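> No letters, just coordinates:
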């Protein structure tokens, strides 16, 4: 599938399957760009630099501690008590310094996780909630499902794993470089005696560590490579279960009234069974991987001694030197085995990176329209004029259109757009608001003039009643008397004492009160333009009379477009426009837009 880029070029539209195959580099680049553009970039650089210095200092301390092994164990073998006590004192200094460095590394690592999450979530939320973008993403197919899971749980998991793995890899790399030199020096002149001949193997213990760790890494990758897909599947199933639980909780009143608890429980059990199935497959993969990681882990207890034993028995090492060589071997092979020891965590990280990177890519690309034959043109026009020309709105259910090919609305005028059930009134509302671009024709909106939208189901945001009325503006924009006046005008005066109370107002108010509150918000803002989706058709007679009175007398300068049924509204509207279905029944084809729900 090809889509147009904002710059006018063309590029392939990546679906989740394509994104999954885009590789580690593009996925890391997607997340890295988010962090680089975030306000916490400087903090991340400072924390990363400090961590690097602490890890280097820790590596130096580890070298000193490894060098301490030889005099300490030699003192033990000689039964030299004074030297033994002196070495204990040196150990205390080294260990105390390493303890302080470990504490500093822990604090810096946790702060790095915090700042990584802050930067990533800030970027995702800011891009997701650009005007109209979240709506379009929700209609973009599977990638738009459960954005809360990706921005909350997936980002937390990704940043924590990234910090832990990054610090671990850096530490392993520095220790590898430092202890390879030590181990090479200890085994630089090793000679094998075989069949009367001598074979010199420079750095024998280094090569042994590489072979030992390399074999473990290859086996781990071969056995555990499917863990990435299994982790990704588990997170997807967990998100589905979480969504089902939240959905039931949000609609529990309707479910209880319908007696639908058993059916909802069945649906949740199906989602939970999918989670358990994904977890079983993950458990199977982790179990197989444990045979490799734990097997090498146990053998590591004796492997350093076995590798260094030929040097010791050949007389090239003292007992203290043997312990020093064993310690250096453990450090080198532990660094080389970092991939083995962390393979399951790396698989988990890769799965989470895939979810976050693919979501961010979808967020950034969601404004790019699909390549179809025609799209609605949205233009900025002169102030005081709203124009609709030859409007046709495409959807999978058919083509909705205005019978009148040219509709022009001036400031302060009121138009009623009527349509029979099934003609796509909400679809028209979305198109006029700029949320639905698929179709043909032109919508010219007055440049620089605010339009306030009243959907069929009002949105009541969380917060105090004062914040609900001022939404999306700040409460300081209006004075106290203005809040009280709009509540009184819409018959909601009894809520005036609760203006600063924080409640679930979407549950405290009935449907008519919520619609009245939405109109009260419009009255408070007094916008130049007001677009309403069936608000007058969904309320009782008393509420409708109050709303009509407000629209006629309290908002005389506001241009109003009301989309609804053909009903008498006391002469409020000066013009009536008709919404009809295309008689040719043209539809939006499947290749034009994927995952678009059929609007009401």
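Yep, that arrived. Source: prediction; values computed, not measured.

> Helices of the stretch 351-500 of the chain, start to end?
425-432, 465-470, 480-489 (DSSP state H, counting those that start in this stretch).

> starting at the chain centroid, how far to the first one?
Just to be clear, that refers to helix 425-432. Taking the mean of its C-alpha atoms, helix 425-432 sits 29 Å from the chain's own mean (Cα atoms, centre = their mean, to the nearest Å).

> Can you list the neighbours in contact with it?
Helix 425-432 has contacts (Cβ atoms under 8 Å, 6 or more residues apart in numbering) with 376, 388, 391, 393, 395, 400, 402, 417, 419, 436-437, 439, 443, 453, 455-456, 531, 533-534, 561, 563-564, 579, 599-600. Quick note: C-beta positions are derived from backbone N, CA and C, even for glycine.

> What pLDDT is listed against the nearest residue to residue 182 once chain neighbours are set aside?
Distances taken as Cβ to Cβ, 6 or more residues apart in numbering put residue 328 closest to residue 182, at 4.5 Å, once the chain neighbours are dropped. Listed pLDDT for residue 328 reads 70.

> where does the stretch 51-200 of the chain dip in pLDDT?
Residues of the stretch 51-200 of the chain meeting the criterion pLDDT under 70: 139-145, 186-200.

> Need the winner for burial among the helices of the stretch 351-500 of the chain.
Highest mean neighbour count among these (mean count of other Cβ atoms under 10 Å): helix 425-432, with a mean of 23.

> All the helices of the stretch 501-600 of the chain, residue numbers only.
In order along the chain, the stretch 501-600 of the chain carries the following helices (DSSP H, counting those that start in this stretch): 505-508, 511-525, 541-549.

> So what angle separates the directions of the longest one and helix 541-549?
By that I understand helix 511-525. 10 degrees (axes from the mean of the first three to the mean of the last three Cα atoms, to 10 degrees).

> just checking, residue 255 touches residue 265?
No. Judged on Cβ atoms under 8 Å, residue 255 makes no contact with residue 265 at a distance of 10.1 Å.

> ok, those two, which is more surrounded?
residue 255 (16 against 11; other Cβ atoms under 10 Å).

> Quick check: that one is in a helix.
Yes. Under DSSP: H, G, I helix; E, B strand; the rest coil, residue 255 falls within a helix.

> I'd like the distance between the nearest residue to it once chain neighbours are set aside and residue 60.
Closest residue to residue 255 apart from its sequence neighbours, by Cβ to Cβ, 6+ apart: residue 264 at 5.7 Å. As defined by Cβ to Cβ, to the nearest Å, residue 264 lies at a distance of 61 Å from residue 60.

> likewise residue 582?
Distance check for residue 582 against residue 60: by Cβ to Cβ, it reads 77 Å.

> and what of residue 48?
19 Å.

> and the lengthiest strand in the chain, what does it pack onto?
In the chain, assigned by DSSP state E, the strand with the most residues is strand 385-395. Packing partners of strand 385-395 (3 or more Cβ pairs under 8 Å, 6 or more residues apart in numbering; DSSP states H and E): strand 398-402, strand 406-410, helix 425-432, strand 439-446.

> got a list of contacts for that strand?
With contact meaning Cβ under 8 Å, 6+ apart, strand 385-395 is reached by 372, 376, 381, 399-402, 405-411, 424, 427-428, 431-432, 436, 438-446, 529, 559, 561, 582, 586-588, 592, 596, 598-599.

> Okay, now the sheet partners of that strand, with direction.
Paired strands of strand 385-395, with direction, are strand 398-402 (antiparallel), strand 406-410 (antiparallel), strand 439-446 (antiparallel) (DSSP bridges).

> Pick the most buried one from those strands.
For these, average neighbour numbers computed from mean count of other Cβ under 10 Å are highest in strand 398-402, which has a mean of 23.

> how far is it from where the chain is centred?
36 Å.

> Go ahead and name everything in contact with that strand.
Contacts of strand 398-402 (Cβ under 8 Å, 6+ apart): 388, 391-393, 417, 423-424, 427-428, 439, 577-582, 584-587.

> cool, stretch 271-282 as well?
Contacts of stretch 271-282 (Cβ under 8 Å, 6+ apart): 227, 230-231, 233-234, 236-238, 240-241, 244.

> Just put the helices of the stretch 501-600 of the chain in a markdown table and tack on mean pLDDT and mean neighbour count.
A markdown table is the format used below for the helices of the stretch 501-600 of the chain (pLDDT from 0 to 100; neighbours: other Cβ atoms under 10 Å):
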| stretch | mean pLDDT | mean neighbour count |
| --- | --- | --- |
| helix 505-508 | 83 | 16 |
| helix 511-525 | 92 | 22 |
| helix 541-549 | 88 | 16 |
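
> between those, which gets nearest to residue 149?
For residue 149, the closest of the helices of the stretch 501-600 of the chain is helix 505-508, at 22.4 Å, according to Cβ to Cβ.

> From the contact counts, what lies against the closest one?
Where contact means 3+ Cβ pairs under 8 Å, 6+ apart, helix 505-508 is packed against helix 511-525.

> residues contacting the nearest residue to residue 26 once chain neighbours are set aside?
Of all residues not flanking residue 26 in the chain, residue 357 sits nearest, at 7.5 Å (Cβ to Cβ, 6+ apart). Shown in contact with residue 357 (Cβ under 8 Å, 6+ apart): 19, 26-28, 30-31.

> Which ones among these lie within strands?
With DSSP E as the criterion, strands contain none of the contacts of residue 357.

> what's residue 491 sitting at in phi/psi?
For residue 491, the backbone dihedrals (degrees, to the nearest 10) come out as phi 80, psi 20.

> Could I get the contacting residues of it?
Residue 491 neighbours (Cβ under 8 Å, 6+ apart): 516, 542-543, 546.

> any idea which of those is the one closest to residue 509?
Among the contacts of residue 491, residue 516 lies closest to residue 509 (Cβ to Cβ), at 8.4 Å.

> How much space separates that closest one from residue 499?
From residue 516 to residue 499 the distance is 15 Å (Cβ to Cβ).

> ditto for residue 28
49 Å.

> The longest helix along the chain packs against which elements?
Longest helix in the chain, counting residues (DSSP state H): helix 81-128. Here helix 81-128 touches helix 24-36, helix 41-78, helix 133-138, helix 155-186, helix 343-365, going by 3+ Cβ pairs under 8 Å, 6+ apart.

> out of those helices, deepest packed?
Greatest average neighbour count among the helices and strands packed on helix 81-128 goes to helix 343-365 (a mean of 22), per mean count of other Cβ under 10 Å.

> what about that one, distance to the chain center?
Distance, centroid of helix 343-365 to centroid of chain: 9 Å (Cα atoms, centre = their mean).

> Lovely, talk soon.
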